[in-house]
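Build me a model from this:
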Amino acid sequence: MATPSIMILGYLGVPLLRNFYMVFNQEKLLYGISFRSDIDYGPTPIPTPTPTSTTPTPTLTPTPPPPHPTPTPPPPPPPPPQDHTFWISNHLVRGTIAQVAALRDRPDSWNWLTKPGAIAYGHSSAHDGFNLQISGVYSYWIVFGVAESTEQDKWRGRFDNKQDYCYHYTGNEFKWDVFPC
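Residues are numbered from 1 along each chain as shown. As a prediction, the model looks like this:
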């Protein structure tokens, strides 16, 4: 008659000692203990390891490198120019014609017949006011003149196109001047 023998199992059910293989092959194994085979203990299968719920080990994510210094973005573009009005009040003597032109830049010479580079032009006879609609530019010059006058044209500017302006004529075709309203 065989005596109970004990089988010592190591990690994952691997026998630690070689001579326990003989006992394992001849008898039934229950929870790592070997019993005699002539006594019926019922079916005693080797238990399968139950899956244990393990908490996932946190994975270390590498910290991103510090951001490279980014260049300063350029300033936003200026807002588009608004349409503004340049008002002219004509207080010249009866029969005198006032004429006004708006230009982007002030030229060295100006010709009232061809009006080179004018972005707006207007004229009126005495005591009739008129206006110029200035649109699409940020700044401009104004040239004032009187038809058939011997006086030099008068330049005013540089005006920014952020508001309406008003000027008025005084005098006659021989002696005249312009002033802000």
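
show me where this protein has strands.
Secondary structure of the chain (DSSP state E): strands at 29-30, 33-34, 84-92, 97-103, 118-125, 130-134, 139-146, 154-160, 165-171, 176-180.

Show me which residues of the fifth one are buried.
So that's strand 118-125. 118-120, 122-124 (16 or more other Cβ atoms under 10 Å). Just so you know, the C-beta spots here come from the backbone N, C-alpha and C atoms, and that holds for glycine as well.

Let me know whether residue 179 touches residue 165 as I believe.
No: contact criterion Cβ atoms under 8 Å: residue 179 and residue 165 do not qualify, at 11.9 Å.

Which one's more surrounded, the two?
The neighbour count for residue 179 versus residue 165, taken as other Cβ atoms under 10 Å, is higher for residue 165 (20 against 12).

Identify the residue nearest the more buried one in space, chain neighbours excluded?
residue 86 (5.1 Å; Cβ to Cβ, 6 or more residues apart in numbering).

Same question for residue 154.
Nearest to residue 154 is residue 144, by Cβ to Cβ, 6+ apart, at 4.5 Å.

One more: residue 175?
Here the residue nearest residue 175, using Cβ to Cβ, 6+ apart, is residue 151, at 6.8 Å.

show me what contacts that neighbour?
174-176 (Cβ atoms under 8 Å, 6 or more residues apart in numbering).

Filter those down to the buried ones.
residue 176.

Throw the buried residues of strand 118-125 into a markdown table and include pLDDT and distance to residue 109, thanks.
Converted to a markdown table, those look like this (pLDDT from 0 to 100; distance: Cβ to Cβ, whole Å):
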| residue | pLDDT | distance to residue 109 |
| --- | --- | --- |
| 118 | 88 | 14 |
| 119 | 90 | 18 |
| 120 | 89 | 19 |
| 122 | 90 | 21 |
| 123 | 90 | 20 |
| 124 | 90 | 24 |
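
Could you say which of the strands of the chain is packed most deeply?
strand 97-103 (a mean of 22; mean count of other Cβ atoms under 10 Å).

The residue nearest to residue 154 touches residue 168, doesn't it?
No: using Cβ under 8 Å, residue 144 is not in contact with residue 168, being 10.3 Å away.

Can you pull the residues that touch both of those two?
Shared contacts of residue 144 and residue 168, counting by Cβ under 8 Å, 6+ apart, come down to residue 178.

tell me which of the contacts of residue 151 is nearest to residue 82?
residue 176 (30.9 Å; Cβ to Cβ).

how about the closest one, what does it touch?
Per Cβ under 8 Å, 6+ apart, neighbours of residue 176: 92, 96, 146, 149, 151, 169-170.

what do you get if the cut-off is 6 Å, keeping everything else the same?
Counting by Cβ atoms under 6 Å, 6 or more residues apart in numbering, residue 176 touches residue 146.

Nice, that's everything, thank you.
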